[in-house]
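>>> what follows is a predicted structure for the sequence shown.
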Amino acid sequence: MLRKMYDWVFSLARHRHATKSLAAISFAESSFFPIPPDVMLAPMVLARPDRAYFYATVCTIASVLGGLLGYAIGHFLEPVGMSLLALMGKADSFETSKELFQQHGAWVILIKGLTPIPYKLITIAAGIFSFSLPLFIVLSVITRGARFFLVAFVLKTFGPAMLEVIEKRLAFWTILFVVVLVGAIVAVRFI
């Protein structure tokens, strides 16, 4: 069933309403849908490199708005949020996640928002744990924007061959990004 959904989302990239579909998938993926928008973003950027950053912007805005829905599910409908987390196999680690969010919530959002870990886990958990909503929005814009603009940049600049390299070494690229981000924060703070 998941493969059929993946194929369906991929086929939407060739549809005449692909941009609207990209926004809808980006929105839904941030709160409940299992297929990431990258499945549509990549072929759309490869087909129209001149619109790469427009597509990344659509993904970012829709993903952040969808993240707000995920946050609302967790915050206002905690039983529904817990059911969604259980469905994804994450409800059993609730206490560990709560402690992690209380100690390092901003870093959790920044790091996990870039990785292949489903973003909906972060959005729902942020709502359940009543993470600061304004900070959640800012961090979501940063992390989702970085992810989608990186995909757009790589595909526009290097084409599909480079995307394969990044996918194979995603953990390395994520760690590299975090190191650069922390370095920039430290530099700004002490300069």
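Nice, I can see it. Numbers count the residues shown, from 1 in each chain.
>>> what's the helix or strand for Asp7?
In this structure, Asp7 sits in helix 2-12 according to DSSP states H and E.
>>> and the next helix or strand past that helix?
Taking DSSP H and E, what comes next after helix 2-12 is helix 18-29.
>>> and that following helix, what's buried?
18-19, 21-29 (16 or more other C-beta atoms under 10 Å). Placement of C-beta: from N, CA and C, glycine included.
>>> which residues touch it?
If you take C-beta atoms under 8 Å, 6 or more residues apart in numbering as the criterion, helix 18-29 is touched by 9, 12-13, 15, 33, 35-37, 39-41, 44, 55, 58-63, 65-66, 69, 118-120.
>>> now the buried members of those.
For the contacts of helix 18-29, burial is judged from neighbour counts taken by 16+ other C-beta under 10 Å, and it is met by 9, 12-13, 33, 35-37, 39-41, 44, 55, 58-63, 65-66, 69, 118-120.
>>> among the residues you listed, name the ones in helices.
Among these, the ones falling in helices (DSSP state H) are 9, 12, 39-41, 44, 55, 58-63, 65-66, 69, 119-120.
>>> secondary structure class for the closest residue to Ile128 other than its chain neighbours?
In this structure, Ile128 finds its nearest non-sequential neighbour in Gly74, 4.0 Å apart by C-beta to C-beta, 6 or more residues apart in numbering. When classified by DSSP: H, G, I helix; E, B strand; the rest coil, Gly74 comes out as helix.
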